[in-house]
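**Student:** give me the fold of what follows.
(one chain, ligands or ions: 2)
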Amino acid sequence: MSRKFVFDFDSTLTRVEALDVLAEITLEGREDRDAIIREIQQITNLGIDGDISFTESLERRIRLLGAHRKDLEPLIGMLREKISKSIATNREFFEKFADDIYVISCGFKEFIDPIVREYNIPEERVFANTFEFDEQGRITGFDTANVLASHNGKIECLRALDLEGEVQVIGDGYSDYVMREAGIAHKFFAYTENVHREKAARNADHIAPNLDEFLFVNDLPRNLSYPKNRIKILLLENVHPAAFKNLSEDGFSVELVKHSLPEEELIEKIKGVHVLGIRSKTRVTKKVLDAADKLLIVGAFCIGTTQIELEYARQKGVVVFNAPYSNTRSVVELAIGEIIVLMRSIFPRSTEIHNGEWHKTAANAREIRGKNLGIVGYGNIGKQLSVLAEAMGMRVYYYDVNEQLALGNAVKCDTLEDLLGVSDVVTLHIDDNPANRNFIGERELAQMRTGAYLINLSRGFVVDIPALVGALKSGKLAGAAIDVYPEEPASNGPFETELRNLDNVILTPHIGGSTEEAQRDIADFVPNKIMDYINSGSTVDAVNFPNIRLPKQQNAHRFLHIHKNVPGIMAHINKVLASYDMNIIGQYLSTDPEVGYVITDLDKEYNKAVIKELKAIEHTIKFRVLY
Ligand SMILES: NC(=O)c1ccc[n+]([C@@H]2O[C@H](COP(=O)([O-])OP(=O)(O)OC[C@H]3O[C@@H](n4cnc5c(N)ncnc54)[C@H](O)[C@@H]3O)[C@@H](O)[C@H]2O)c1
Ligand SMILES: O=C(O)CC[C@@H](O)C(=O)O
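**Tutor:** Ligands and ions are numbered 1, 2, ... in the order given. Model prediction:
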């Protein structure tokens with residue numbers, strides 16, 4: 001059956017209500033401008049939702065507008081700039097289906113015609129009101145004989161057109177829906193890209209958050225292979241709201257959950273999710289990955305990734321990204337603060353006053369200047385701390401399992417024992433490798449200087465807590481600052497640790513990276529990685545996947561094929577492509593010992609059966625098409 005597509009204009013083809021924009025032009029410079037614009041918008045909404053008659057809404061607005069013929073040109077210019085995003089990106093549909101597209105609007109032909117003409121919709125298929133002007137060119141009213149100037153006029157207009165085939169109405173308002181309700185249109189798509197009107201959405205056959213969705217469900221030519229609104233993103237653990245904004249603005253469907261989810265709940269929730277965003281508390285186990293039927297990406301909105309089964313994720317073709325730099329400065333600043341606070345015995349002095357006791361003393365209070373700081377793990381955090389601590393007059397020693405260049409005057413220690421023996425303060429910044437479990441235990445604590453301090457801002461399992469408690473109680477250590485614990489709760493609430501109530505011990509709830517700045521930065525960094533992978537296939541900085549930076553797609557279709565890295569698979573892929581006579585514009589391959597990731601850019605026209613064949617190649621893990 002042939003199809004006819006009937007579009008609304010205001011807030012559907014354009015992002016705005018044209019008369020609101022006209023008001024901004026005509027009322028410019030007037031003191032009561034804002035109040036009048038507000039009134040016009042209220043009247044517009046009342047009319048759109050069907051709460052007042054449309055004729056009344058129009059009359060009242062035209063009166064308030066006080067517009068002139070000369071205002072129309074700037075209005076058209078402004079509307080041209082305000083075409084809905086997904087309308088502007090889908091010109092191919094408007095070209096190929098030019099004969100089947102109509103505009104029925106309660107707006108005015110004077111500004112609709114010139115706009116939609118650019119989308120191949122000629123004025124004879126634009127049905128809208130027309131203005132009336134006086135001799136001076138002032139807009140005084142509208143043609144009241146036009147059915148579109150009356151309540152439910154769109155019904156009469158569409159009826160009179162008597163269109164053949166399936167009639168689909170695409171619009172944001174109730175006046176669009178009524179054509180379907182009256183039985184003249186077959187389907188109503190509530191168009192919510194610019195405004196979500198409850199009444200229209202409630203009555204729709206389908207909600208289309210953009211034209212991509214409408215074209216996808218109707219299998220029509222489109223700019224995007226898969227509408228972004230269909231890509232579901234689940235963000236756990238209270239990630240910064242900017243992450244939600246970044247991803248929603250790119251068109252994805254994003255759900256925010258404030259806390260982490262236990263395995264059983266996550267197994268349920270992960271179904272249908274394409275992207276999972278977490279921080280350090282959510283465990284992405286094998287069972288979770290098995291339940292994740294659609295999962296493409298796990299975004300760790302932090303540095304650590306051992307909470308994720310990285311290897312298993314890779315085998316399943318799930319790419320993991322993290323934010324390796326965003327919170328490092330925050331951790332460094334906390335470490336500096338803690339070094340000072342520990343060495344000055346600030347917490348004991350403060351607690352005494354909280355308990356009503358004045359105890360002024362210089363005992364156990366020292367400057368950090370000239371003291372030895374031992375940094376274990378000279379990575380992104382360790383190095384920054386080295387520079388700042390040295391600038392504050394500390395002598396820096398470091399120990400790292402990998403060869404690391406000394407910054408400033410920092411002195412490299414060949415063994416951990418050397419470092420422990422020389423340091424007044426030892427601070428741990430090693431990574432979350434499980435091999436680092438109980439890295440600091442009884443033996444290492446015994447190797448530290450008597451009266452030294454220990455800071456752990458890395459991972460809880462790195463320090464043997466009972467051993468640390470012993471060293472603090474015996475006076476071997478003069479104090480400690482602990483931010484991370486072997487077991488941490490999934491959400492805020494009660495928490496127990498053997499380190500409670502010990503003198504000169506600072507305990508913080510894993511907040512080393514929890515600053516406004518760090519979280520804000522992560523909220524840009526990780527979503528950018530997510531969007532790059534979804535939109536282009538790029539895996540730069542992925543922590544568990546072959547890394548590949550891809551050129552921008554140039555008028556091509558992109559096939560993304562993830563497979564087990566077994567002999568002959570590339571040859572097989574290319575054999576299939578050759579058998580379909582496909583013109584390869586570019587091909588990129590990145591592999592690791594287990595997984596291969598091949599990206600092929602192709603000419604736009606091809607036989608769709610090739611996709612089925614590529615998916616069916618043995619050892620294929622995941623396949624996607626992008627355009
Ligand atoms: N408390 C927080 O909120 C917070 C915030 C950010 C990072 N972190 C944690 O801090 C740690 C360091 O982060 P980073 O960004 O500097 O990591 P990084 O990977 O840049 O540096 C870690 C360094 O530790 C070294 N290392 C690993 N194991 C070692 C060992 N056994 N002995 C000596 N050196 C070892 C590595 O070679 C590397 O140079 C990570 O565990 C991270 O998860 C915690
Ligand atoms: O913010 C978090 O949950 C974790 C912070 C830190 O441990 C990290 O790995 O970046």
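**Student:** so what's the residue count around the residue of the stretch 401-550 of the chain found nearest ligand 1?
**Tutor:** With Cβ to the nearest ligand atom, the shortest gap between the stretch 401-550 of the chain and ligand 1 falls at Gly512, namely 2.6 Å. The C-beta positions use only the backbone N, C-alpha and C, and glycine is treated the same way. Residues near Gly512, counting by other Cβ atoms under 10 Å, number 24.
**Student:** and it, which of the three is it?
**Tutor:** coil (DSSP: H, G, I helix; E, B strand; the rest coil).
**Student:** now swap in Val116 and tell me
**Tutor:** Strictly by three-state DSSP, Val116 counts as helix.
**Student:** residue contacts, it?
**Tutor:** By Cβ atoms under 8 Å, 6 or more residues apart in numbering, Val116 lies in contact with 9, 13, 103, 126.
**Student:** could you do Gln41 as well?
**Tutor:** 17, 20.
**Student:** distance of the residue nearest the centre of the chain from Val526?
**Tutor:** Closest to where the C-alpha atoms of the chain average out (Cα atoms, centre = their mean) is Leu247, at 2.9 Å. Leu247 sits 10 Å away from Val526, going by Cβ to Cβ, to the nearest Å.
**Student:** again, but for Leu266
**Tutor:** In terms of Cβ to Cβ, Leu266 sits 18 Å off from Val526.
**Student:** more neighbours: those two, which one.
**Tutor:** Val526 (28 against 23).
**Student:** which helix or strand contains that one?
**Tutor:** Assessed by DSSP states H and E, Val526 sits inside helix 516-536.
**Student:** how far away from the center of its chain is that helix?
**Tutor:** 6 Å (Cα atoms, centre = their mean, to the nearest Å).
**Student:** pull out the buried positions in it.
**Tutor:** Across helix 516-536, burial judged by 16 or more other Cβ atoms under 10 Å covers 518-519, 521-523, 525-534, 536.
**Student:** excluding chain neighbours, what is closest to Glu56?
**Tutor:** Among residues not flanking Glu56 along the chain, Gly47 sits closest, at 7.6 Å (Cβ to Cβ, 6 or more residues apart in numbering).
**Student:** now Gly537
**Tutor:** Leu560 (4.6 Å).
**Student:** could you check the angle helix 516-536 makes with the one helix or strand that neighbour maps to?
**Tutor:** Assigned by DSSP H and E, Leu560 falls within strand 557-564. For strand 557-564 against helix 516-536, the angle by axes from the mean of the first three to the mean of the last three Cα atoms, to 10 degrees is 100 degrees.
**Student:** just checking, next helix/strand downstream of strand 557-564?
**Tutor:** helix 569-579.
**Student:** got the angle between that following helix and strand 557-564?
**Tutor:** Between the axes of helix 569-579 and strand 557-564, defined by the same axes, to 10 degrees, the angle is 150 degrees.
**Student:** tell me the mean pLDDT over the helix or strand just after helix 569-579?
**Tutor:** On the C-terminal side of helix 569-579, the nearest following helix or strand under DSSP H and E is strand 584-591. Mean pLDDT, strand 584-591: 93.
**Student:** buried residues in strand 584-591?
**Tutor:** Here strand 584-591 shows 585, 588, 590 as buried, counting by 16+ other Cβ under 10 Å.
**Student:** could you list every helix and strand that that strand packs against?
**Tutor:** Using 3 or more Cβ pairs under 8 Å, 6 or more residues apart in numbering; DSSP states H and E, the elements in contact with strand 584-591 are strand 595-602.
**Student:** so in that sheet, which strands flank the strand it packs on, and in what orientation?
**Tutor:** strand 557-564 (antiparallel), strand 584-591 (antiparallel) (DSSP bridges).
**Student:** got CSV for those, with distance to ligand 1 too?
**Tutor:** Listed next are those as CSV, based on distance: least, Cβ to the nearest ligand atom, whole Å:
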stretch, distance to ligand 1
strand 557-564, 26
strand 584-591, 22
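**Student:** as TSV, these with distance to Lys82 would be great.
**Tutor:** Below are the strands paired with strand 595-602 laid out as TSV (distance: least, Cβ to Cβ, whole Å):
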stretch	distance to Lys82
strand 557-564	30
strand 584-591	35
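**Student:** what's the neighbour count on the residue of the stretch 301-450 of the chain found nearest ligand 1?
**Tutor:** Proximity of the stretch 301-450 of the chain to ligand 1 (Cβ to the nearest ligand atom) peaks at Gly379, 1.8 Å away. Gly379: 18 surrounding residues under other Cβ under 10 Å.
**Student:** Asp432 is in contact with that one, correct?
**Tutor:** No. Counting by Cβ atoms under 8 Å, Gly379 sits too far from Asp432 to count as a contact (11.3 Å).
**Student:** give me every residue in this protein lying close to ligand 2.
**Tutor:** 279-280, 302-304, 327, 513-514 (Cβ under 6 Å from any ligand atom).
**Student:** hmm, 5 Å instead?
**Tutor:** 279-280, 302-304, 513 (Cβ under 5 Å from any ligand atom).
**Student:** distance of the residue of the stretch 51-200 of the chain found nearest ligand 1 from Phe244?
**Tutor:** Closest approach between the stretch 51-200 of the chain and ligand 1, counting by Cβ to the nearest ligand atom: Lys85, at 36.5 Å. Per Cβ to Cβ, Lys85 is found 19 Å from Phe244.
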